[in-house]
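*Asks:* Got a sequence here, can you model it:
(2 chains)
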Amino acid sequence: MLIVSPVDRASEAPELVAAGAEELYAGYVPPFWSETFGPVVSCNRRSFDEANVASFDELVSLVRAAAVRDVPVHVALNASPIPGGMIPRIVATAAEFARIGVRGVIVSDLPLLLALRDARIRRLALHASTLFSAFNGMTVAFLRRAGAARGILARELSTAEIAAMVPPAGETRLETIGFRGRCPNIEGFCTHLHDDPRRAWPCELRYEKEWIGQGEAIPPEILAAIERNEGADRFFSCGLCAVPLLERAGVHALKIVGRGSETARKVAAVRAVASMRAYGRGAIPCPDDCAARGMALYRETFGRPCRPENCYFPEFRP
Amino acid sequence: MILEYRYLGPDGEGIAGLPDGVGAALGSEYCVHLLPSAARMAEAVREATAKRAPLLLLTPYFRDAELKASLPLFRAIPAGAAADTAVNDWGALQALHGLFPRMRLSIGRLLSGRKRCPRIGASARLTEEGRMWHGEGIFSSPAARGYLAGAYGVEGYHVDDLPWGRPEAGDGDREADAPFLFVHVPHAIVTVADACPWIGGVSSASVASCPRPCRNGHVVLREPSMGGDLLLKGKARFTSREPAGAGRSSPSGAGAVVTYRDLP
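*Replies:* Sure, this is the predicted structure:
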């Protein structure tokens, strides 16, 4: 199972690869897009500058820096929708990516996926983003028919559900997201606007609450469940416990979230996932052993115990 | 003529009491536990047929086991019945078209690509073109519509009546080859979670069946920067606006309107 790390500039590539990253993915916003839609609407769902490669020349440097280490770079074009008038320009941009050595694009818009499939750009694989909300094997079949060589699964699936999806996926490679960036909502169905320059997102805000229904107040167990996600910092999200079992199940790649974060944080994330994967390869552990090791590694990485609101795979929790 | 569907809850109770010419909507776009049983679906089809009322079954996303377990529900819809099924899962579309080639399928609101956060109307950082981008969706792509119609028999698209929504009245380019739109009013789904606060904040997939405690009430969420209240019910957050907007008899571009008395 490959470790897929975020990257924002060429200078990060050596450290990330040395830490264990085997694929890199980045964001890049072509000038024609930002000139049309302004600063908030990004073609890759990251509106802040730090999360995007600063220029096309920098992207060329990044691809070269990764290539000399035998690591492919993929670029996210995962906004949805891509308006019809933009699709030919985005397809042309993807062709430019392929020309400089980018090996894949991550897409979440069906019209764009179909257009890229029909464009048959050489040596450019199409990855169906987690925003397609692939919760089942038939969605993987749908995406394969639409041109995807890789499907990035919904973040909410359990280890067993993912494992069961691998054999019927056939030649379509499956990728899971398993470290950092766990959202309380299903990303493909979420339409919240993430426009705050301080990065205080609507899913993390603390809301004033009023109950409309039977009884006079919000039932306490409902209130507790709502408030558990308020103020949750997705930086602390983790799925380490599942890494050995996902690899054993035949998952092709595990993605780390974190475009726009500091290099040290990216490197620490890659090291943690690589360490858990090495443990799984050496010990062939059972789920209980995975949980014990994953929680210990979490504490080493973050300096605190893991919490339910940050857990990708709650089936490992006691 | 614009067709009207009234949402009658997950199980579609009260079809007999609908006014003539009004259809019934049932099911759920966001939770598998809010789908009717196969027996109730068969009964709803019989009631609607007797009343000559069209049916609209709303369906959510599915895990593999959930999709398999739901097949009897879909089998309860006879081929040729005046029933539409709105899918909010690409895999469900793939499976249902393969298994039931005559089923009338439409693309649900969760797959449309449209953005419905009330903050979109309030954000000072959005340009006007950026704001209108949030009203675009799969339905506005002739190429995607052609593909979905040809490969999967898709006949319509479900959307919300939004201030930044297209098509706008008098938009000639859109009207020339306009898709059939089911416009849902007044509650737009802003976001959906897999974990449900009404069952302790765990995944809805972790319970085999659910007593539907979310039917007992909802929570209003207020925060000044959001530009409007959010309404949390079960796994979904909604935003509401007055039906059809001031001075309009029906949402522009609508082929059918789906109305809700309460939050779905």
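*Asks:* how much space between the residue of the stretch 201-318 of chain A found nearest chain B and residue A:35?
*Replies:* Chain B sits closest to residue A:213 of the stretch 201-318 of chain A, with a gap of 1.5 Å, by CB to the nearest CB. (C-beta placed from N, C-alpha, C; glycine too.) Distance of residue A:213 to residue A:35, given as CB to CB, to the nearest Å: 48 Å.
*Asks:* quick one: which of the two has more around it?
*Replies:* Between residue A:213 and residue A:35, counted using other CB atoms under 10 Å in any protein chain shown, residue A:213 has the larger neighbour count: 15 against 9.
*Asks:* And the closest residue to chain A within the stretch 151-264 of chain B, what's its pLDDT?
*Replies:* Relative to chain A, the nearest point of the stretch 151-264 of chain B is residue B:217 (1.5 Å; CB to the nearest CB). With respect to pLDDT, residue B:217 scores 97.
*Asks:* That one contacts residue A:215, correct?
*Replies:* Yes. Under the criterion of CB atoms under 8 Å, residue B:217 lies in contact with residue A:215, with a separation of 7.3 Å.
*Asks:* Pick out whichever of those two has more residues nearby.
*Replies:* residue B:217 (17 against 9).
*Asks:* so what's the residue nearest to the more buried one when sequence neighbours are not counted up against?
*Replies:* Leaving aside its chain neighbours, residue B:217 sits nearest to residue A:213 (1.5 Å; criterion: CB to CB, 6 or more residues apart in numbering or on different chains). Applying CB atoms under 8 Å, 6 or more residues apart in numbering or on different chains, we find residue A:213 in contact with B:216-218.
*Asks:* any chance of those residues in CSV, with secondary structure too?
*Replies:* Formatted as CSV, these follow (DSSP: H, G, I helix; E, B strand; the rest coil):
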residue, secondary structure
B:216, helix
B:217, strand
B:218, strand
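*Asks:* out of those, who's nearest residue B:1?
*Replies:* Closest approach to residue B:1 among those (CB to CB): residue B:218, at 33.3 Å.
*Asks:* State the number of residues packed around that closest one.
*Replies:* 22.
*Asks:* Now do the contacts for it.
*Replies:* Per CB under 8 Å, 6+ apart, neighbours of residue B:218: A:211-213, B:231-233, B:263.
*Asks:* next one: phi and psi at the residue nearest to it when sequence neighbours are not counted?
*Replies:* Using CB to CB, 6+ apart and skipping residues adjacent in sequence, the residue nearest residue B:218 is residue B:233, 4.0 Å away. Main-chain torsions, residue B:233, degrees, to the nearest 10: phi -140, psi 120.
*Asks:* what about residue B:233, distance to residue B:187?
*Replies:* 9 Å.
*Asks:* what do you get for residue B:84?
*Replies:* Relative to residue B:187, and taking CB to CB, residue B:84 is found at 19 Å.
*Asks:* Helix or strand next in line after the one helix or strand in chain B whose mean pLDDT sits lowest, which one?
*Replies:* One helix or strand of chain B scores below all others by mean pLDDT, DSSP states H and E: helix B:172-176, with a mean of 52. Per DSSP states H and E, the first helix or strand lying C-terminal to helix B:172-176 is strand B:181-185.
*Asks:* What strands flank that next one, and is each parallel or antiparallel?
*Replies:* Next to strand B:181-185 in the sheet, as set by DSSP bridges, lie strand B:154-160 (parallel), strand B:254-259 (parallel).
*Asks:* tell me the mean pLDDT for the longest one?
*Replies:* What it means is strand B:154-160. 95.
*Asks:* any residues touching it, and which ones?
*Replies:* Applying CB under 8 Å, 6+ apart, the contact partners of strand B:154-160 are B:84, B:86, B:93, B:104-109, B:112, B:114, B:116, B:137-139, B:145, B:148-149, B:165, B:179-185, B:188-189, B:255-256, B:258.
*Asks:* Need the nearest residue in space to residue A:205, chain neighbours excluded.
*Replies:* residue B:223 (5.0 Å).
*Asks:* for residue B:16, same thing?
*Replies:* Nearest to residue B:16 is residue B:47, by CB to CB, 6+ apart, at 6.1 Å.
*Asks:* Of all the residues in the helix or strand containing the one you found, which ones are buried?
*Replies:* Using DSSP H and E, the element containing residue B:47 is helix B:38-51. Under the neighbour-count criterion of 16 or more other CB atoms under 10 Å in any protein chain shown, helix B:38-51 has B:38, B:40-45, B:47-49, B:51 buried.
*Asks:* Let me see the contact set for residue A:106.
*Replies:* So, once contact is read as CB under 8 Å, 6+ apart, residue A:106 ends up touching A:25, A:74-78, A:127, A:129, A:152.
*Asks:* That one should be in a strand, yeah?
*Replies:* Yes. Residue A:106 forms part of a strand when assessed by three-state DSSP.
*Asks:* For beta bridges, what are the partners of it?
*Replies:* residue A:76, residue A:127.
*Asks:* What segments of chain B are helices?
*Replies:* Listed in chain order, the helices of chain B (DSSP state H) span B:38-51, B:64-75, B:90-99, B:119-122, B:128-133, B:142-152, B:172-176.
*Asks:* most packed of those helices?
*Replies:* When you average the neighbours per residue for each of the helices of chain B (mean count of other CB atoms under 10 Å in any protein chain shown), helix B:90-99 leads with a mean of 22.
*Asks:* Show me what the mean pLDDT comes to for that helix.
*Replies:* 98.
*Asks:* starting at the chain centroid, how far to that helix?
*Replies:* Taking CA atoms, centre = their mean, to the nearest Å, one finds helix B:90-99 lying 17 Å from the centre of the chain it belongs to.
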